[in-house]
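Visitor: Next comes the sequence, and after it the predicted model I'd like to discuss.
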Amino acid sequence: MVKEKTIYSCQQCGFQSKKWLGKCPDCNAWNSLVEEKQTKSSDIRVSSGSSIAANYQDISSQDNSRVSSGVAEFDRVLGGGIVPGSLVLIGGDPGIGKSTLLLQVAEKLSQNHKVLYVSGEESEKQIKLRGQRLGLEPNNLFLVPETCLEKITDEIEHHKPTCIIVDSVQTVYSEKIESAPGGISQIREVAGQMLVQAKRNTISIFLIGHVTKEGMLAGPKALEHIVDTVLYFEGEHHHNHRIVRAVKNRFGPANELGIFEMTSNGLIPVKNASELFLKQRPLGVAGSVVLACMEGTRPILVEIQALVTSSNYGNGRRMAQGVDPNRVALLIAMLEKRAGFHLYGADVFINVAGGITLDEPAADLGIVAAIISSFKNIPIEPSITVFGEVGLAGEVRSTSQPNVRLREVAAMGLGKCLMPANNVAALENPGDVEVVGIRSVIDLLDELF
């Protein structure tokens with residue numbers, strides 16, 4: 001009798017070992033190796049319909065074949081619509097609204113296309129109950145409460161849908177793999193077979209994925225490499241708005257985001273994001289400034305708040321929410337050295353109002369302006385907007401797309417914008433906005449105070 005071989009796989013990175021290890025040598029995760037039976041996975045062969053090499057010039061463009069999801073903000077994140085044959089992975093915290101959004105998208109698509117909704121977490125009656133609560137009336141939507149991959153494949157062959165939604169990929173398992181659903185081998189096999197269905201039959205497939213406590217997508221990193229687009233659902237449970245951010249997109253710009261508002265009728269797209277983030281901005285308060293930032297191709301005006309107070313300890317605390325704390329520490333050190341502000345013994349708190357997260361360097365000038373305003377206890381004029389990257393020498397460096405940012409400033413009715421001096425020469429039409437070029441932090445001090 002042949003002895004059945006076992007292998008230990010890391011549930012974080014997919015590393016495999018013949019013996020159990022307390023710490024994964026690849027990703028340094030503790031207690032992440034799980035015993036799995038070593039079986040030969042089915043071969044994944046992706047066919048595009050032709051095995052003959054084609055001249056690049058003879059291939060017709062597919063961009064005009066995008067299908068609108070019926071939700072404008074979702075189309076924006078995808079790069080202009082759903083590309084036929086694409087595989088999209090959506091991750092987010094539990095209860096953030098992933099299933100709600102995709103059920104709304106399924107209802108819009110079902111008006112002109114056949115949609116198959118595969119759920120491993122809810123029954124068909126529970127899905128319909130949620131749809132009735134949202135006021136949805138789908139026309140050609142089929143619900144399949146199934147977790148077996150082979151049975152799901154049979155349903156796909158039977159219905160031949162245009163779009164498939166799988167909720168969630170961690171609950172689906174293959175009978176060919178002798179391991180529990182959600183394991184490394186199972187997720188890799190399920191994602192591979194879904195890729196085959198998407199490319200071979202030109203079906204758009206959406207996979208809902210769970211996230212770990214660190215906020216990363218559960219499963220092997222290969223899962224994100226297999227799919228065409230990776231979307232993250234962001235947002236605080238105590239805020240009404242939700243943000244869908246694209247971190248990978250083969251058919252459009254990455255770091256694009258869509259903003260929704262959670263209501264009793266589901267997720268409603270937000271048309272004016274700047275108005276959403278600035279509608280509760282306090283006026284005449286020190287430490288508050290408006291920043292013109294770019295999220296993908298979208299300009300957004302947000303409020304950056306700073307609070308600088310004296311500390312009872314020798315070293316001041318540094319806390320930041322919505323921006324990189326390490327970047328804030330560098331800017332504080334720069335102000336100490338280049339501008340003469342004694343912030344070493346002060347507590348500095350930074351917050352981006354509204355719960356949005358900023359990761360572009362153009363937010364530096366807003367952080368610096370807010371810190372100085374709070375330190376001096378002098379409010380910044382409410383009509384002033386700033387943006388620009390700040391170097392460690394105190395210089396203000398140019399940033400991308402100044403014209404797009406300035407148009408958003410003019411649209412919101414703000415009359416003055418402080419930007420890098422090198423960007424002023426590239427402006428096309430400032431309009432009614434007063435533009436001031438800033439070369440260093442000293443120029444910022446002179447202009448604001």
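Guide: Noted; the coordinates are in hand.
Visitor: contact partners of stretch 73-86?
Guide: Outside of stretch 73-86, the residues within contact range by CB atoms under 8 Å, 6 or more residues apart in numbering are 62-63, 65-69, 88, 101, 105, 162-163, 198-199, 201-205, 228-229, 231, 244-246, 249-253, 256-260, 269-270, 298. In this view, the C-beta of every residue, glycine as well, is placed from N, C-alpha and C.
Visitor: Now the host helix or strand of G366: buried residues?
Guide: Using DSSP states H and E, G366 maps to helix 364-376. In terms of neighbour count (16 or more other CB atoms under 10 Å), helix 364-376 has its buried residues at 364-375.
Visitor: For it, C-alpha coordinates in PDB please.
Guide: C-alpha atoms of helix 364-376 as PDB (Å, rounded to 0.1, in the frame of the first residue of the first chain):
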ATOM      1  CA  ASP A 364       3.500  67.500   2.400                       C
ATOM      2  CA  LEU A 365       2.800  71.200   2.100                       C
ATOM      3  CA  GLY A 366      -0.600  70.700   3.600                       C
ATOM      4  CA  ILE A 367       0.800  68.900   6.600                       C
ATOM      5  CA  VAL A 368       3.500  71.500   7.100                       C
ATOM      6  CA  ALA A 369       1.000  74.400   6.900                       C
ATOM      7  CA  ALA A 370      -1.400  72.700   9.400                       C
ATOM      8  CA  ILE A 371       1.400  72.100  11.900                       C
ATOM      9  CA  ILE A 372       2.700  75.700  11.700                       C
ATOM     10  CA  SER A 373      -0.800  77.100  12.000                       C
ATOM     11  CA  SER A 374      -1.500  75.000  15.100                       C
ATOM     12  CA  PHE A 375       1.900  75.800  16.600                       C
ATOM     13  CA  LYS A 376       1.500  79.500  16.200                       C
END
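Visitor: where do the helices sit along the stretch 201-350 of the chain?
Guide: For the stretch 201-350 of the chain, applying DSSP state H, counting those that start in this stretch gives helices covering 222-226, 273-278, 325-334.
Visitor: any chance of those in CSV, with mean pLDDT, distance to G235 and mean neighbour count too?
Guide: Shown next, in CSV, are the helices of the stretch 201-350 of the chain (pLDDT from 0 to 100; distance: least, CB to CB, whole Å; neighbours: other CB atoms under 10 Å):
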stretch, mean pLDDT, distance to G235, mean neighbour count
helix 222-226, 87, 21, 17
helix 273-278, 92, 12, 20
helix 325-334, 96, 21, 17
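Visitor: out of those helices, which comes closest to E122?
Guide: For the helices of the stretch 201-350 of the chain, the distance to E122 is smallest for helix 222-226, at 22.2 Å, taking CB to CB.
Visitor: Distance from the chain centre to the closest one, please.
Guide: Mean-position distance between helix 222-226 and its chain equals 16 Å (CA atoms, centre = their mean, to the nearest Å).
Visitor: quick one on the thing from earlier: so for the helix holding G366, mean pLDDT?
Guide: For helix 364-376, the mean per-residue pLDDT is 97.
Visitor: Now do that helix and helix 325-334, the angle between them.
Guide: Between helix 364-376 and helix 325-334, the angle comes out at 60 degrees (axes from the mean of the first three to the mean of the last three CA atoms, to 10 degrees).
Visitor: what helices or strands is helix 364-376 leaning on?
Guide: Applying 3 or more CB pairs under 8 Å, 6 or more residues apart in numbering; DSSP states H and E, one finds that helix 364-376 contacts strand 288-295, strand 298-310, helix 325-334, strand 346-352, strand 384-386, strand 389-390, helix 441-448.
Visitor: would a markdown table of these with distance to Q11 be doable?
Guide: Formatted as a markdown table, the helices and strands packed on helix 364-376 follow (distance: least, CB to CB, whole Å):
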| stretch | distance to Q11 |
| --- | --- |
| strand 288-295 | 32 |
| strand 298-310 | 36 |
| helix 325-334 | 29 |
| strand 346-352 | 33 |
| strand 384-386 | 45 |
| strand 389-390 | 39 |
| helix 441-448 | 47 |
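Visitor: between those, which one is nearest to K221?
Guide: Minimum separation from K221 across those (CB to CB) falls at helix 325-334, 23.9 Å.
Visitor: From K19, how far off is P94?
Guide: Computed as CB to CB, to the nearest Å, the P94 to K19 distance reads 34 Å.
Visitor: Just the pLDDT at V396, thanks.
Guide: pLDDT, V396: 97.
Visitor: List the residues that contact it.
Guide: Shown in contact with V396 (CB under 8 Å, 6+ apart): 365, 388-390, 420-421, 438-441, 443-444.
Visitor: rewinding a little: possible to save the helices of the stretch 201-350 of the chain as a markdown table with distance to M216?
Guide: Shown next, in a markdown table, are those (distance: least, CB to CB, whole Å):
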| stretch | distance to M216 |
| --- | --- |
| helix 222-226 | 9 |
| helix 273-278 | 26 |
| helix 325-334 | 19 |
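Visitor: could you pull out the strands for the stretch 101-250 of the chain?
Guide: Here the stretch 101-250 of the chain has its strands, by DSSP state E, counting those that start in this stretch, at 115-119, 141-144, 163-167, 204-209, 229-234, 241-249.
Visitor: Residue ranges in this protein under the pLDDT threshold?
Guide: Along the chain, segments meeting pLDDT under 70 span 1-4, 38-51, 62-64.
Visitor: Pick out the residue nearest the middle of it.
Guide: R245 (2.4 Å; CA atoms, centre = their mean).
Visitor: Isn't that one up against G235?
Guide: No: using CB atoms under 8 Å, R245 makes no contact with G235, being 10.2 Å away.
Visitor: Tell me the one among the contacts of V396 nearest to I52.
Guide: Closest to I52, out of all of the contacts of V396 and judged by CB to CB, is E389, at 49.2 Å.
Visitor: Could I get the contacting residues of the closest one?
Guide: Shown in contact with E389 (CB under 8 Å, 6+ apart): 361-362, 364-365, 396-399, 420.
Visitor: Kindly reformat those as JSON lines containing distance to T309 and secondary structure.
Guide: Below are the contacts of E389 laid out as JSON lines (distance: CB to CB, whole Å; DSSP: H, G, I helix; E, B strand; the rest coil):
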{"residue": "P361", "distance to T309": "27", "secondary structure": "helix"}
{"residue": "A362", "distance to T309": "27", "secondary structure": "helix"}
{"residue": "D364", "distance to T309": "22", "secondary structure": "helix"}
{"residue": "L365", "distance to T309": "22", "secondary structure": "helix"}
{"residue": "V396", "distance to T309": "27", "secondary structure": "strand"}
{"residue": "R397", "distance to T309": "30", "secondary structure": "strand"}
{"residue": "S398", "distance to T309": "34", "secondary structure": "coil"}
{"residue": "T399", "distance to T309": "30", "secondary structure": "coil"}
{"residue": "P420", "distance to T309": "30", "secondary structure": "strand"}
